[in-house]
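Asks: mind looking at a prediction? Sequence and model below.
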Amino acid sequence: MPKIPVSPSTLPPALGPYTHGIKAGGLLFCSGQVPIDPAHPGGPVPSDIRDQTRRVLENVRLLLAAEGLGFGNVVKSTVFMTNLAEFTGMNEVYAEYFPKPFPARSTVQISALPRGAAVEIEVIAQIEA
């Protein structure tokens, strides 16, 4: 099964040696997105968890859209947070983006994220029905 890289120019450059997404086996595996504004990639990340989550999910939207997909194609997401006490704020914004039936999801607290972010989200989307 071939692996096809997906790196839309609408996203900020990758922060390391990885590809924004890989298409393989009818799925799009999306690398975690952090709250970096593509229009100002060197700028600060928002301080509020809701604003960070919104920026992250807008970046996910750009990645999905590059392949003609949307949040309805997502079958699995993983949310990484530096403070689970902010879960409610993240979850409220998350619910605005994903239609029912919601994808399977894991949420994990970690010690730190790049650029001082409080949230990172990765998704797996179905390409073929």
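Replies: Alright, I've got the coordinates.

Asks: going by C-alpha atoms from here, please, whenever you check contacts or count neighbours.
Replies: Will do.

Asks: give me the buried positions along the helix ranked longest in the chain.
Replies: Counting residues, the longest helix in the chain under DSSP state H turns out to be helix 49-65. Neighbour-count burial for helix 49-65, counted by 16 or more other Cα atoms under 10 Å, picks out 49-64.

Asks: using PDB, write down the CA coordinates of the helix or strand where residue 91 lies.
Replies: Here residue 91 sits within helix 87-97, counting by DSSP states H and E. Output of helix 87-97 as PDB, limited to C-alpha atoms (Å, rounded to 0.1, in the frame of the first residue of the first chain):
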ATOM      1  CA  PHE A  87     -11.200  20.000  29.400                       C
ATOM      2  CA  THR A  88     -14.600  21.600  29.500                       C
ATOM      3  CA  GLY A  89     -13.500  24.600  27.500                       C
ATOM      4  CA  MET A  90     -11.800  22.400  24.900                       C
ATOM      5  CA  ASN A  91     -14.800  20.100  24.700                       C
ATOM      6  CA  GLU A  92     -17.300  22.900  24.100                       C
ATOM      7  CA  VAL A  93     -15.400  24.100  21.100                       C
ATOM      8  CA  TYR A  94     -14.700  20.600  19.900                       C
ATOM      9  CA  ALA A  95     -18.400  19.800  19.800                       C
ATOM     10  CA  GLU A  96     -19.000  22.800  17.500                       C
ATOM     11  CA  TYR A  97     -16.800  21.200  14.800                       C
END
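
Asks: between it and helix 49-65, what angle do the directions make?
Replies: Taking axes from the mean of the first three to the mean of the last three Cα atoms, to 10 degrees, one finds helix 87-97 and helix 49-65 inclined to each other by 30 degrees.

Asks: and helix 87-97, average pLDDT?
Replies: Taken as a whole, helix 87-97 carries a mean pLDDT of 98.

Asks: okay, now the unreliable bits of the chain?
Replies: Within the chain, the stretches with pLDDT under 70 are 129.
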